[in-house]
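Novice: fold the following for me, if possible:
(one chain, ligands or ions: 3)
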Amino acid sequence: MLGEPIILNNNIFLVGPMGVGKTTIGRHIADEIGLTFIDSDREIENRTGVEIPLIFEFEGEIGFRKREQAVIAELTTLSNIILSTGGGVVLNEQNRHHLQTRGYVIYLHASVEDLLERTAHSRNRPLLQIENPRTKLEQIMTERHPLYQSVAHVTIETGHRTIRQVVKAVLKHLRKILGKDEYITS
Ligand SMILES: Nc1ncnc2c1ncn2[C@@H]1O[C@H](COP(=O)(O)OP(=O)(O)O)[C@@H](O)[C@H]1O
Ligand SMILES: O=C(O)C1=C[C@@H](OP(=O)(O)O)[C@@H](O)[C@H](O)C1
Ligand SMILES: [Mg+2]
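Specialist: Residues are numbered from 1 along each chain as shown. Ligands and ions are numbered 1, 2, ... in the order given. The predicted model follows:
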């Protein structure tokens, strides 16, 4: 035996900033390799019955982060999932610990320019509903990039890649670390 399986609990956790593609890529990867897809933001919305902007409006970012922490603590105890997280998940130390120790963490990276383009038409990200989203995304990347790096087992670049190309890059990486045709250890 080679010791600990590389993919803890057969879980893959996607982290990275708003608009990098966590939700989109996670769903595709789950389809390809037969894991259950879960998006922590959707889970919070399902549980509260309202959309994220309304949670921010009524409870502020602090209220949202509490809900996020509870959901991450619970979802990371599952197995055989691809979990797409919200961009701010790494701000919380407990979240970082759970992600890092309960699954294989992939940091999806992109430039602020790409993130701006990909979030431009969305009204669903309260932190970017401001006059200057570019400055906000720059601040976010300065603060969070080291945190994404600290929690991730690998970083995968998504800039100048189509969704399909990112999916392929992730699958290629998984095959490489597992060193075989199957994606996930069982
Ligand atoms: N590699 C990519 N190239 C172009 N557009 C992308 C790419 N990845 C995601 N997108 C688009 O960017 C937007 C944000 O993606 P989403 O999956 O919601 O990001 P996140 O969950 O990380 O915030 C979506 O409209 C999605 O189709
Ligand atoms: O970066 C953040 O702080 C947030 C990212 C969002 O998720 P996405 O990264 O999927 O957009 C969502 O959790 C919320 O609006 C806060
Ligand atoms: Mg998302």
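
Novice: what's the local residue count around the closest residue to ligand 1 within the chain?
Specialist: Residue of the chain nearest ligand 1, by Cβ to the nearest ligand atom: residue 21 (2.9 Å). From N, CA and C alone the C-beta is placed, and that goes for glycine too. By other Cβ atoms under 10 Å, 22 other residues sit near residue 21.

Novice: residues of this structure that sit close to ligand 2?
Specialist: Within the chain, the residues that sit near ligand 2 (Cβ under 6 Å from any ligand atom) are 18, 22-23, 41, 52, 86-88, 125-127.

Novice: in CSV, list the residues you listed along with pLDDT, secondary structure and neighbour count.
Specialist: Below are these laid out as CSV (pLDDT from 0 to 100; DSSP: H, G, I helix; E, B strand; the rest coil; neighbours: other Cβ atoms under 10 Å):
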residue, pLDDT, secondary structure, neighbour count
18, 98, coil, 20
22, 98, helix, 28
23, 98, helix, 17
41, 98, helix, 22
52, 98, helix, 20
86, 98, coil, 24
87, 98, coil, 22
88, 98, coil, 19
125, 97, coil, 18
126, 97, helix, 17
127, 97, helix, 17
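
Novice: distance to residue 143 for these - can I get that in a markdown table?
Specialist: Below are those laid out as a markdown table (distance: Cβ to Cβ, whole Å):
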| residue | distance to residue 143 |
| --- | --- |
| 18 | 13 |
| 22 | 18 |
| 23 | 21 |
| 41 | 19 |
| 52 | 20 |
| 86 | 15 |
| 87 | 11 |
| 88 | 10 |
| 125 | 16 |
| 126 | 17 |
| 127 | 12 |
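
Novice: pick out the most distant pair among the residues you listed.
Specialist: Farthest pair in these (Cβ to Cβ) is 22 and 126. Separation: 17.1 Å.

Novice: quick one: pLDDT of the residue of the chain closest to ligand 1?
Specialist: We have a pLDDT of 98 for residue 21.

Novice: which residues of the chain lie near ligand 1?
Specialist: Residues of the chain lying near ligand 1 (Cβ under 6 Å from any ligand atom): 16, 18-24, 84, 118, 158, 161-163, 166.

Novice: 5 Å instead?
Specialist: Neighbours of ligand 1 within the chain, by Cβ under 5 Å from any ligand atom: 18-24, 118, 158, 163, 166.

Novice: so which of these comes closest to ligand 3?
Specialist: residue 23 (3.4 Å; Cβ to the ion).

Novice: for that closest one, give its distance to residue 51.
Specialist: Distance, residue 23 to residue 51, using Cβ to Cβ, to the nearest Å: 14 Å.
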